[in-house]
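**Q** how does the following fold in three dimensions:
(2 chains)
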Amino acid sequence: MKRALDIARDVRSGRVTALAITEDCLDRLARADELCAVTRVLADRARQAARQVDAAVSKGIDPGPLAGVPYGVKDLFDVAGLPTTAGSAIYADAPPATQDAEAIRRLRDAGAVLVATLNMDEFAYGFATINARHGTTRNPHDRARLAGGSSGGSAAAVAAGLLPFALGSDTNGSIRVPASLTGLYGLKPTHGSLPMTGTFPFAESLDDIGPFTASLADMHALWQVLSGRSAEDSGPLLRMARLGGRFRDNARVSQLGAIDAISPDAPIIELPDIARARSAAFLITAYEGGQLHREALNREAMRFDPATRDRLIAGALVPRDLYERAIAFRAELQARVARETADYDVLLAPTTPCEAPLIGDPQMGPQILIDGALRPARADLGIHTQPISFLGLPSLAVPMLRPGQLPLGLQLIGQPGGEAALFRCAATLEKAGFIGVSTPASLRLEEAT
Amino acid sequence: MDGVKQNRARATIPHDPDAVMRAATALGLTIPAQCLPGVIANLALLDHHADIFQGAGQ
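**A** Down below sits the predicted model:
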């Protein structure tokens, strides 16, 4: 599918109708069951929205910068008239949302057309998108592998060319991990900078939302629409550093090679207490998730996804005192890291420690190597993203340009409110050929036939 | 230990079956029997992270 900005340009100019774009998108979605990325197709709503865009164009009214661009949302955004399930059977029959999530409202005002809700780990608890109700989302680059999670449906739908963009949520890496594994751009903004109203929470003190795109220009446009801010295209020379320690100890040679080639003279710095930060994030997430679902666990534990249920019950048993210590540590560490990284605009790090793992044995679950030992992918794919969420920093996951190989990503991490620097940095890397989206081989074959 | 000092006693997470059931009862939380092995495995993982966070492990 075309990039979002190309579609919007064609719709605004009258070269193509939003309805034709929508019908093409609905047709693609109907043929993509095997990916297990889509949970609900919103055909009637999408057609109605597309007709409104076309009516505006025919009257000479500008429908907005995303005119007629179809998109999907992770299954935790409120969509008026539908229950918000957060990927769970428990909420399948919940009362329907009375209005759209604020992010959807902003996209609608910009002319975008919502066409689908997308698969996720139940209640966003996991990095795998293994969902007992909807199934395991497959990676479009190799369907025997995970797409990552918890926003895996959003990532897979964009990577497979079903949608030009999608929204996800990121508590500990749930946008950046699947972006890395499916070869997309994925943005976790500065904590609290994009609207959470109308989203089903996971761990509220860490939750953020953000987009997946297949182009940097689209990501930039979406940031402007969702945040209401503009990101300057130019500015002083960016000051960069490479993150060392655990980030370099758990990375592919190709990731380190790319980071070192991007900025060979940048210092390698170690963030303080990074292992403790990740563990504190783990505890905060478990506690907040456990508390959020405690009543439902008491009422109907056996209706939860078994893997999520056991994690949430365990989280409910985390002592409050430990949680409060982790929260206090977060504030202290944020202040310390701000002091120690004040001289840098962009920190370079791997996004995931490896390429997409094989889905493998359903009993054992997919495994990955962390610090030389096999660990469950569902919990540990976020080793490099979780500490950054803990610090509340913005992080743009960018795909290394490596056509023909499994995707792998890097994080461009900024100062709070420093998304503009990340976009500038990414633009430079794209121009220099370090980053870019590669089409999955299966799609290249389809396009050739 | 680097960073923030931990002066208070180390907090522990229950992860043997009796301690887990006692903690659940105290919180008014019912754990179905078939969930107990999975819950205990997850509590062990959380205890590992509690150790790292509190400076007792890596």
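**Q** residue 24 in helix, strand or coil?
**A** Assuming you mean chain A. helix (DSSP: H, G, I helix; E, B strand; the rest coil).
**Q** let me rephrase: I mean chain B.
**A** Put simply, B:Ala24 is helix when judged by three-state DSSP.
**Q** leaving out chain neighbours, which residue sits closest to it?
**A** Counting by Cβ to Cβ, 6 or more residues apart in numbering or on different chains, the nearest residue to B:Ala24 once its immediate chain neighbours are dropped is B:Ile31, at 5.1 Å. In short, each C-beta sits where N, CA and C put it, glycine included.
**Q** for that neighbour, list the residues it contacts.
**A** With contacts defined as Cβ atoms under 8 Å, 6 or more residues apart in numbering or on different chains, the neighbours of B:Ile31 are A:301, A:313, B:20-21, B:24, B:39.
**Q** got it, and A:Leu222?
**A** Residues near A:Leu222 by Cβ under 8 Å, 6+ apart: A:4, A:66, A:165, A:187, A:211, A:213.
**Q** how far away is the residue nearest to B:Ala24 from B:His48?
**A** B:Ile31 sits 20 Å away from B:His48, going by Cβ to Cβ, to the nearest Å.
**Q** and for A:Ala241?
**A** Applying Cβ to Cβ, the value for A:Ala241 to B:His48 is 30 Å.
**Q** which one of the two is surrounded by more residues?
**A** Neighbours were tallied for A:Ala241 and for B:His48 using other Cβ atoms under 10 Å in any protein chain shown; the higher tally belongs to A:Ala241 (20 against 17).
**Q** element containing the more buried one?
**A** Here A:Ala241 sits within strand A:240-243, counting by DSSP states H and E.
**Q** what strands line up against that strand, and which way round?
**A** When sheet partners are counted by DSSP bridges, strand A:240-243 sits next to strand A:268-269 (parallel), strand A:346-350 (parallel).
**Q** make CSV from the contacts of A:Leu222 and add pLDDT and secondary structure to it.
**A** CSV is the format used below for the contacts of A:Leu222 (pLDDT from 0 to 100; DSSP: H, G, I helix; E, B strand; the rest coil):
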residue, pLDDT, secondary structure
A:Ala4, 98, helix
A:Leu66, 98, coil
A:Phe165, 98, strand
A:Leu187, 98, strand
A:Pro211, 98, strand
A:Thr213, 98, strand
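**Q** thinking again about what came up before, most tightly packed of the strands paired with strand A:240-243?
**A** Ranked by mean neighbour count under mean count of other Cβ atoms under 10 Å in any protein chain shown, these are led by strand A:346-350, which reaches a mean of 24.
**Q** quick check: next helix or strand after it?
**A** Next helix or strand after strand A:346-350 toward the C-terminus (DSSP H and E): strand A:367-370.
**Q** and that following strand, what does it pack onto?
**A** Using 3 or more Cβ pairs under 8 Å, 6 or more residues apart in numbering or on different chains; DSSP states H and E, the elements in contact with strand A:367-370 are strand A:373-376, helix A:377-380.
**Q** next one: that strand to chain centre, how far?
**A** In terms of Cα atoms, centre = their mean, to the nearest Å, the centre of strand A:367-370 is found 21 Å from the chain centre.
**Q** which residues touch it?
**A** Defining contact as Cβ under 8 Å, 6+ apart, one finds that strand A:367-370 is touched by A:250, A:353-354, A:357, A:360, A:374-377, A:380-381, A:383.
**Q** what pairs with that strand, and is each one parallel or antiparallel?
**A** Counting by DSSP bridges, strand A:367-370 is paired with strand A:373-376 (antiparallel).
**Q** might you list the low-confidence residue ranges for chain B?
**A** Counting by pLDDT under 70, the low-confidence segments of chain B come to B:1-8, B:56-58.
**Q** which parts of it sit against chain A?
**A** Taking Cβ under 8 Å from any Cβ of the partner chain as the contact definition, chain B meets chain A at B:2-4, B:6, B:8, B:11-14, B:20, B:23-24, B:27-32, B:35, B:38-39, B:41-43, B:45-46, B:48-55, B:58.
**Q** out of those, which end up buried?
**A** Burial by neighbour count, judged by 16 or more other Cβ atoms under 10 Å in any protein chain shown, picks out B:4, B:6, B:11, B:13-14, B:20, B:23-24, B:29, B:31, B:35, B:38-39, B:42-43, B:45-46, B:48-55 from those.
**Q** and chain A, what are its domains?
**A** For chain A, the domain assignment from automatic domain parsing gives the residue ranges A:4-233, A:241-444.
**Q** any idea which of those is most buried?
**A** Of all those, domain A:4-233 has the most neighbours on average by mean count of other Cβ under 10 Å, namely a mean of 23.
**Q** how far out from the middle of the chain is it?
**A** Domain A:4-233 has its average C-alpha position 10 Å from the chain's average C-alpha position, going by Cα atoms, centre = their mean.
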